[in-house]
Structure formats: structure tokens, C-alpha cells
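Novice: Show me the folded form of this:
(chains A and B)
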2 protein chains.
Amino acid sequence: MFIFTFVNPSARIIYYLQTAMPLIVRKHSVWSVLKQLKTSNMVLKHDWQIFVNWYQSKKYTKSTFNPSGFTDVLISLCQSRRFIIEDIITQEALLNGSYSYGPLGMELKKNLITKWWDSMVLSKERVFGIETPQHMIGSLNSEDKTMTLVETEVLRAILRNKNLSMKETIASLEELLKKSAILRSNLLEGAFQLYAKSLNLVNEKLPFGLAEVGVCYQPVATEHETTSSAVRAGEVEVASLVWFSSPRTSGQWRDYWVRQRLLWWRKFARHPSSFTANDFQDENGIKGTALYFSFPWGKEPIETLLSLEEKEVVLKHLGSKSELQGRDGRKTVVPHVLSVSGNLDRGVMAYLTDSLHLSEQIDSKCSCNQKQVLKLHPFLVPIKVALDVGRGSTGELRQVCEGLFRQMLEKRINTWPGYLETAQVSMEQLFTKYDEMGVIFTIVINESTLESGLVQLRNRDTTMKETMHISEVIEFLTKYIQES
Amino acid sequence: MFIFTFVNPSARIIYYLQTAMPLIVRKHSVWSVLKQLKTSNMVLKHDWQIFVNWYQSKKYTKSTFNPSGFTDVLISLCQSRRFIIEDIITQEALLNGSYSYGPLGMELKKNLITKWWDSMVLSKERVFGIETPQHMIGSLNSEDKTMTLVETEVLRAILRNKNLSMKETIASLEELLKKSAILRSNLLEGAFQLYAKSLNLVNEKLPFGLAEVGVCYQPVATEHETTSSAVRAGEVEVASLVWFSSPRTSGQWRDYWVRQRLLWWRKFARHPSSFTANDFQDENGIKGTALYFSFPWGKEPIETLLSLEEKEVVLKHLGSKSELQGRDGRKTVVPHVLSVSGNLDRGVMAYLTDSLHLSEQIDSKCSCNQKQVLKLHPFLVPIKVALDVGRGSTGELRQVCEGLFRQMLEKRINTWPGYLETAQVSMEQLFTKYDEMGVIFTIVINESTLESGLVQLRNRDTTMKETMHISEVIEFLTKYIQES
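Specialist: From the prediction side, this is the model:
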């Protein structure tokens, strides 16, 4: 086993594996070989971790290395830890957001929305938030893949009216369809409707932006569609910035926002390079940039930036052209528009995929367990801290927990009241559960806390345990989260 | 004018007015009489304020005192300050939420949602957030006032298919309707769907709750509906808690939540007694409590609490009865359900109404101006602080403003960058504008700030100006908002 004398410890194992490549294709063979090495010193543990990461990256991010295995693990973790709730979740459903969010999933999405809003609206002097209706009555383009909203009663009344002829029935229905509202498929139209009325907020001065986060309806064609009348609408949480700028500066602004948005997505990722950008031009000649995330099964778009020039802007606007005009210095111009539109449901899935860290653990009996840790960014993680009781008088320890729980909430640190759980489980089982939930710290209150005031903090990422005085915990956590 | 010798200063004017009551009915007469008093000392100013409050309360909260006047002022303020955006807003539209939210309105609503979530989910150990789809495919009850969602393309294809007989067309459409999704009208159904799957979060132990905030569709009948096929759907932002408890404790829980919810609404109000509660029983015998707000035109419900007993719970649940069972101590029981459902759009309108303070100002030329101050609770107010420049070199002062703006955002204090405004207006005009926006503090940076570091803070409620060192501003504001 001369290979262990190499200088770079991580290079060793990888070298070993590269020379021993055929072993990989036989399932578990590598593991058994490595287990035979029976190494237990820290250096090797470090190597082991690096090897595992490398092996996992091979196994799970390249399509030749069984991506569906990773997806299956992700889906089952999302279900068991109540990120999402649905009886059967396929890769397709995951991508289209066809599921309900459980407590953890909805908090994760909430955090993502908050971060988006902070970055795009609160910290931008010239961006304003709006909220437009989800449905609008307008002329329908029959080519559009839209969803029409009809009052069930009215539709039934027409269908069941025996006095109407075929022609009259069809005419009534066409009339109903014409007057019916459609559900929005994007947030661009809403921003256009408020544009003229928002100009006075900025004293008619360009550039400025209108931001909105809300549900849009984008019907998805599914493989399981059996009849033409089956309807399957996809609800998508869209985060949209519509940026109005002078034609003179629109190119610079486009570059600015593409850079900003790519940086934003990467900021919360463990593997920032999984987020990429690509320019495109659609069939109508509209230029844009799409941002992608690399899922195990391939790249999928998560955000689109579209550049609309004068022609398209005038087309989109329903009123007169003069209403569109804003000021660029002393000139009056029709603005160019940049539409930045992100799919936050897919964003949630992207970060769940990005953060799922799989590793094999060899326990004392030399059996292999897969360890799953959701290494979500502290800003995004739905539950920051879990509070549990260790050995000792349950009643008193719970009181301490309740007190700490209240203090955490005052500082808005989302906390899991593990001390309420009555089922007996070992600490290791608890840590496994919390790692799968992404909980950053587990705080254990036990007998000695009552005497010394000391509590134990276990870190998700390092798995190290620290002892700290209970009075210092809140400040430590606040700082840890803020500075990450 | 002997009345001014009374001991209690506020009693004086009220006494005067009570004796001079007939004056009130003639518009402006009271004002002119009082103006003739030509009083300028502080004591009278205090009296004046109390009189104005009293007069306003007479004028605007009792229906005999022209409530539509107050409503008109409110609507026009909401429009001019971009709380809501719509060309024509009627009292009916206000009540049904038929408008888009401008920047201030949407931030106000966001703050209300955040407060609801903090109080109902984050600070409750046994309440979990969920997010369910807005539409669901289910058996349609034709009696229900629901909105059906049909794919426009599919509907058109059926209508335009010349090969179909009348019978076939109707059959296709009935089939389409049966397979179509309906938009949810409440959040109760969604919580029921996730109930059984959420039981394991709490180890099957009752009580626990599922909370959700989201848009529901509640079609509103309008007076302006001209044809039977005209559709007008009301989108409502509903905040819902569905609380599952053992039958043994459900009565106590109902009392607990009614009290909690009434307290919550009152907590942010200037006139807490405008929020009231009333028990009721609906046509199906379901008991509940409604919370009301007194609008100028009368009481309107803003939240409903419904008690569902075993029979209704089993009816609502689509699966088997055994799935419903939770643990109450050692017993296994079908839970009773309390559905708490608030209309947050109407909540926004309630707080806008509650906070609008009207008073007449007499300027140096003895002409009367109506002063409008939106005295929203610091937690709810969309913009806490406005940053403006006074006299001095604009370039340098703006740099100071930008620095302070960044610092405010880091502390998540929503700040209005007034320093970007190029139009020349007087400080008084600025204060008027910010009072109408509800801005709590206006910070003015001027020439002397560059030398001494001192800035001026003007308070919305007291109209007093304070001088403070720029380094102390952030801490002062954070404390002020937290402790209010």
C-alpha cells in the first residue's frame, strides 16, 4: 500500500481510484476495498471525505453515474422531512412544482422570497414593489396557452338551457369566453399596466423598476395527458423585476442585471458553478439571457431576462404612446424594458439539490449507512436551531427549553421545539434527522445545564460539539447566521 | 368668553361645542367661530387638538356625520400616495379588494402578513406552515359559487369543432367541466388534505395547527353586473389557521383563539374598540365567531372562526376515518377543528381607515387646510423613515444620505430615498407628503451635518423636531420601532 506515502493526501485516494477504476463499475467494490485498508487516523479520515465527495460528484452529477439515484434520494428526503407533500412525486412533478409545500419547504421558499425582495427592492433606491391581480379581463389571443376563468354556475346554466339552439349555445359560450378573465402567465403585463401610473413616483425620471412576487399559471404538457380535455395547470411562484430605462443605457443595464442575478443565485449555493447563463434569441427576434441550474438530469432554466425595445414596448402597452414617455436627462423617450423573471419554485428545488450532501458512514460493525445532510445556506435554511433535552428531570429541562425558545423567537431565529417530542430516540438518531432537515445547530439542554448553565451546541457542517453558556447562545447564533 | 376659565382645558371646548351644537350642522361654522377666538397659546392648541379629534370622531365615525366624506378622503389619499392603484375606486371596490396595490400598499400588506405569521406560526410551538395549490381537481358541487379553470385552447377547440352534434358538444363540454380544476375559495380544504400527512410531525399528538396565507377566489356579486355571463372574481388574501384538537378541549381552544385573534387585531389599532366580535350560527348549524371592523359606512367582517365537530370533520375529509385519528393522552380520537380565516386585504383597509387622522390647520393667512396624517402602527407602516437633503452642497449631502440609506437597509429599516427627488419643494410640503404616506421620521441632512455630524429628525405623531448625531440615528430608530 505504497500509495499512502504521497504528499498530497487527497491526491492519494484519487490516484488509487484512477488506477483502480474498474472497481467502480462493480457496485460496492470500491467501498469494500477501501474498508480493507482499515485506516483510522485523522489524515485518512480527511482523505476519505475528499474521496467520498469526489466519488459522489462522479456518481451523482454526471449522467453516466446514475443521476436518478440522487434524484430518488432527494425526493424521498423531501417527503420524509416534509419539505414537500404529495403521494407520488416524479422528477417531472419536481420540475413543474406539482406538489404542496410542507412546513420546511414553505419556510425555505419564504426565505428565498425574502432574500430576493431584500436584494431587488429594499436595497435598490429606484425599484418599487407592486401587487397586481392574478386574473385580468382582456382580449384573448386564441394562440396563447392561457387558462380561462369561468363562473361554474354560469357555464352550467348555459349547458343546461334546453331552450337554446346549437348556434345559440355556441354563441353564448363564445360570449362567455370573451368576457371571462384569464389567469396571468407572467408578471410583465401587470407591471406594464401600472407603469404609467408609477411614473410620478420618480418624477418621470428613468430608469426605474417595478417588482412583484406572485403566482402565475403556466399550463404544462404532461406525458400522462390521456384525453384532450384533461387540464393540468402549473402554478409557478414568479419573482419579477420589470426595469424601464432609456434606450441609450438599456444595453448597460442588461449587462448589469444579468451579472447581478447570476451572482445572486450563486451567493447561496454550495456549488456556485451549477448556476450558469446563456444568451438566446426567441422566434420573435427578442433577445435575452437564460439562467440555468444543473439538476442531476441536466440543465433547466430558472430565470429569464428579456430585452424589449421600443417596438415591443409600444405593442405591450395598451394606452397611448405619449403615456409611456419618461425623462432621460432633458430628453423625453419611450423606455426600453428589461423583464427579469425567475421561477422561485424551481429555485427551491435547485437549492435543495445543491445542498444535499451524501456520504457513506461506516459504523463500528463495518456496515455502510448513507448519511444525508442538507447543507443549505444559513439564510435559506428553514429551521436554524433545534432545541432538545438530554438526560435529567424532563419537567425542569423543558422549562429551560421553553424560555430559550421564546428568546429565539424574539430574535426571529426559527427554532424547532424538539423538547416536545415524547418518543425516545438516541442523540445520534436526532442528529441524523436534523441533518436531513438542514438544521444548523442542535442545542442540547441536560442535567448539568441546571447547575452550570452550560449547553451543548452541535454543528451540522462540522458535526463538532461545542459547550457554551446559555446566556451566550442567542448572540452567538445571531452573529453566526448574519455573518455567513 | 368665560368658558376658558374652566379647569380642565379639554372640557372647555367640548362644553362650548355642546352648548353651540347647532353650529356643527352648518358646514364650517364651528371652524369660523373658533377661528374668531384667535387663540395661539399652547394650552389652547392642546384643546384645539382634542376638539378636533372629538369633532372628527363625530363627523367621521357616526353615519349621521357624512361618512362618505371620510371615505372619499381615504380613497383619494390611497390613490395619490400609491397605496392602491386603480382609475376609479368605489367604496365597494375598496371592500372587495378590486384594485392593484402600489408600492406603499403592498409593503403595508406584507408587514401585516409578517406580523400574522410571527404571531400564529413562528411563536407557536404546535403550528406549522404549509402551502397548498390554488386550484384543485375535485367533484364539483354545482351549487357552489366557484370559479372553474379551463384551458382556453381546449374550450375553443370544442366550440369550433363543426363535426360535433349539439349533444356531443354539450357532452364534451360537460366532460371538460368535470375534469377541470376549480380555484379554491378558502384554505380549509387544503389543510384537510395535508392533515393526515402532517400528523407524524407531532407524533400523532393533538392539538396542532396548519397555517397558510394565500390568495383565494370568492366571486362577488356587483351592482354593475349587466349580463349573466359577466364574470367578476374577487381575489382575497386569506390568512388561515386550521386547528385540530381533541373534542374534550375544543371548547377551550375556541375561546382561546377568539380572544387571541381579537387582541391581535386590536394591538396595531389606534382605536382598538373598532374591532369587535360576535358569535353566530350558520344555516347548517355550524357555530362560529366573526370579528368585525367598523368602517365609516358600518361594520364589516374581517375574520371568521368556525367550529367543526366530528360530523363535519368526517365529511370534509376525503379518506378513511381512521386516518383522521390523533392521540389525546392515551385515547385515540377524531379531532374537532377550528378554522380561523382572516381577510388580509380588508385588514389593510381597516388599518388604513383606523390610522387616518384628519385635522384642520389654520395657516398664517387664516385659511383652512385639511391635514391628513396616516398614523399607522410602526410595525405596519410601509416606510419607516424618509431621508432628505436641506440647504447645502447637494453632491456632498447626497453622499451622506446614500451612506445612511445603506446602513438603514442593513438593519432592515424601510427607507424612502427622498434625496433623489429633484423637484424643489419646501420642507413643509415634504412633511405633508410624508405624513400622508405614514412615514414615522423624516431625517434632514444639511450643511451643518457635514461639520457637526448633527441631523434633524422630525416625528410624524408629535411633529416635533429633534437634533441627533448621525451615528446615533440607527440605534434610536431600531429601538423606537421595536419598543412601540
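
Novice: rest of the way, CA atoms for contacts and neighbours
Specialist: Noted.

Novice: Now do A:Lys411, the pLDDT please.
Specialist: Taken from the predicted model, the pLDDT recorded for A:Lys411 is 88.

Novice: Phi and psi next, for A:Gly329.
Specialist: Geometry field for A:Gly329 lists phi and psi as phi 60, psi -120, criterion degrees, to the nearest 10.

Novice: And for it, the neighbour number?
Specialist: Per other CA atoms under 10 Å in any protein chain shown, the neighbour tally for A:Gly329 reads 10.

Novice: do the one 4 residues further on as well
Specialist: The number of residues packed around A:Val333, counting by other CA under 10 Å, is 19.

Novice: can you pull the contacts of it?
Specialist: Applying CA atoms under 8 Å, 6 or more residues apart in numbering or on different chains, one finds that A:Val333 lies in contact with A:246-247, A:325-327.

Novice: I'd assumed A:Asn163 was in a strand, is it?
Specialist: No: assignment of A:Asn163 by DSSP: H, G, I helix; E, B strand; the rest coil gives coil, placing it outside any strand.

Novice: what does the stretch 1-150 of chain A put close to chain B?
Specialist: Contact residues of the stretch 1-150 of chain A with respect to chain B, defined by CA under 8 Å from any CA of the partner chain, are listed as A:82, A:85, A:99-104, A:106-107, A:122-123, A:125, A:128-134, A:142-150.

Novice: among those residues, which are in strands?
Specialist: Taking DSSP state E, the ones among the residues of the stretch 1-150 of chain A next to chain B that sit in strands are A:85, A:100-101, A:128-129, A:147-150.

Novice: hang on, the earlier thing: just the contacts of A:Val333 now: which is nearest A:Lys178?
Specialist: Here the nearest of these to A:Lys178, counting by CA to CA, is A:Gln325; it sits at 31.3 Å.

Novice: so that closest one touches A:Lys331, yeah?
Specialist: No: distance between A:Gln325 and A:Lys331: 9.7 Å, which falls outside the contact criterion (CA atoms under 8 Å).

Novice: Between the two, point out the one with more neighbours.
Specialist: Set side by side, A:Gln325 and A:Lys331 show more neighbours around A:Gln325, with 19 against 9, by other CA under 10 Å.

Novice: pLDDT score for that one?
Specialist: We have a pLDDT of 91 for A:Gln325.

Novice: need the contact list for the residue nearest to it when sequence neighbours are not counted.
Specialist: Closest residue in space to A:Gln325, ignoring its immediate chain neighbours: A:Val334 at 4.7 Å, by CA to CA, 6 or more residues apart in numbering or on different chains. With contact set as CA under 8 Å, 6+ apart, A:Val334 has these partners: A:246-247, A:310, A:321, A:324-326.

Novice: Repeat that for A:Pro301.
Specialist: Going by CA under 8 Å, 6+ apart, A:Pro301 touches A:290-293.

Novice: which one of those residues is nearest B:Trp416?
Specialist: Distance to B:Trp416 across these (CA to CA) is lowest for A:Leu291, with 31.5 Å.

Novice: Would you confirm that that closest one contacts A:Leu306?
Specialist: No: the pair A:Leu291 / A:Leu306 is not scored as a contact, 11.5 Å apart, by CA under 8 Å.

Novice: Tell me how chain A divides into domains.
Specialist: Listed by the TED database, the domain ranges of chain A are A:130-138+A:145-219+A:234-344, A:383-483.

Novice: Quote the end-to-end distance of the shortest one.
Specialist: Between the start and the finish of domain A:383-483 there is a gap of 17 Å, counting by CA to CA, to the nearest Å.

Novice: Spell out whether that domain and chain B are in contact.
Specialist: Yes: applying CA under 8 Å from any CA, one finds that domain A:383-483 is in contact with chain B at A:406, A:409, A:414, A:416-417, A:421-423.

Novice: Enumerate the strands of the stretch 101-250 of chain A by residue range, in sequence order.
Specialist: A:127-129, A:135-136, A:147-151, A:181-183, A:208-217, A:235-245 (DSSP state E, counting those that start in this stretch).

Novice: List the contacts of the fourth one.
Specialist: By that I understand strand A:181-183. Counting contacts by CA under 8 Å, 6+ apart, the residues outside strand A:181-183 that touch it are A:134-138, A:146-150, A:216-217, B:231.

Novice: which neighbours does it have in its sheet, and in what orientation?
Specialist: Each strand that strand A:181-183 pairs with, and the sense of that pairing, follows from DSSP bridges: strand A:135-136 (antiparallel), strand A:147-151 (antiparallel).

Novice: Can you tell me which of those is most buried?
Specialist: Mean neighbour count (mean count of other CA atoms under 10 Å in any protein chain shown) peaks for strand A:147-151 among these, with a mean of 26.

Novice: And the contacts of that one?
Specialist: The set of residues that contact strand A:147-151 without belonging to it, under CA under 8 Å, 6+ apart, is A:176-177, A:180-183, A:217, A:219, A:233, B:145-152, B:231.

Novice: again, only using 7 Å
Specialist: The list of residues contacting strand A:147-151 from outside it, by CA atoms under 7 Å, 6 or more residues apart in numbering or on different chains, reads A:180-183, B:146-152, B:231.

Novice: any chance of the residues you listed in JSON lines, plus pLDDT and distance to B:Met437?
Specialist: Shown next, in JSON lines, are the contacts of strand A:147-151 (pLDDT from 0 to 100; distance: CA to CA, whole Å):
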{"residue": "A:Ser180", "pLDDT": "80", "distance to B:Met437": "36"}
{"residue": "A:Ala181", "pLDDT": "82", "distance to B:Met437": "33"}
{"residue": "A:Ile182", "pLDDT": "84", "distance to B:Met437": "33"}
{"residue": "A:Leu183", "pLDDT": "86", "distance to B:Met437": "32"}
{"residue": "B:Thr146", "pLDDT": "75", "distance to B:Met437": "37"}
{"residue": "B:Met147", "pLDDT": "79", "distance to B:Met437": "36"}
{"residue": "B:Thr148", "pLDDT": "82", "distance to B:Met437": "39"}
{"residue": "B:Leu149", "pLDDT": "81", "distance to B:Met437": "38"}
{"residue": "B:Val150", "pLDDT": "81", "distance to B:Met437": "41"}
{"residue": "B:Glu151", "pLDDT": "78", "distance to B:Met437": "42"}
{"residue": "B:Thr152", "pLDDT": "78", "distance to B:Met437": "42"}
{"residue": "B:Val231", "pLDDT": "34", "distance to B:Met437": "34"}
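
Novice: Pull the most distant pair out of these.
Specialist: When CA to CA is used, the two most widely separated members of the contacts of strand A:147-151 are B:Thr146 and B:Thr152, lying 17.8 Å apart.

Novice: Show me where the stretch 301-450 of chain A has its helices.
Specialist: Ranges of helices in the stretch 301-450 of chain A, per DSSP state H, counting those that start in this stretch, are A:310-316, A:321-324, A:344-355, A:394-410, A:427-437, A:447-452.

Novice: I'd like to know which elements the shortest one is packed against.
Specialist: Judged by 3 or more CA pairs under 7 Å, 6 or more residues apart in numbering or on different chains; DSSP states H and E, helix A:321-324 has no packing partners among the helices and strands.

Novice: Leaving out chain neighbours, which residue sits closest to A:Ile137?
Specialist: Setting aside the residues directly before and after it, A:Ile137 is nearest to A:Ala181 in space (CA to CA, 6+ apart), at 4.2 Å.

Novice: Perfect, that will be all.
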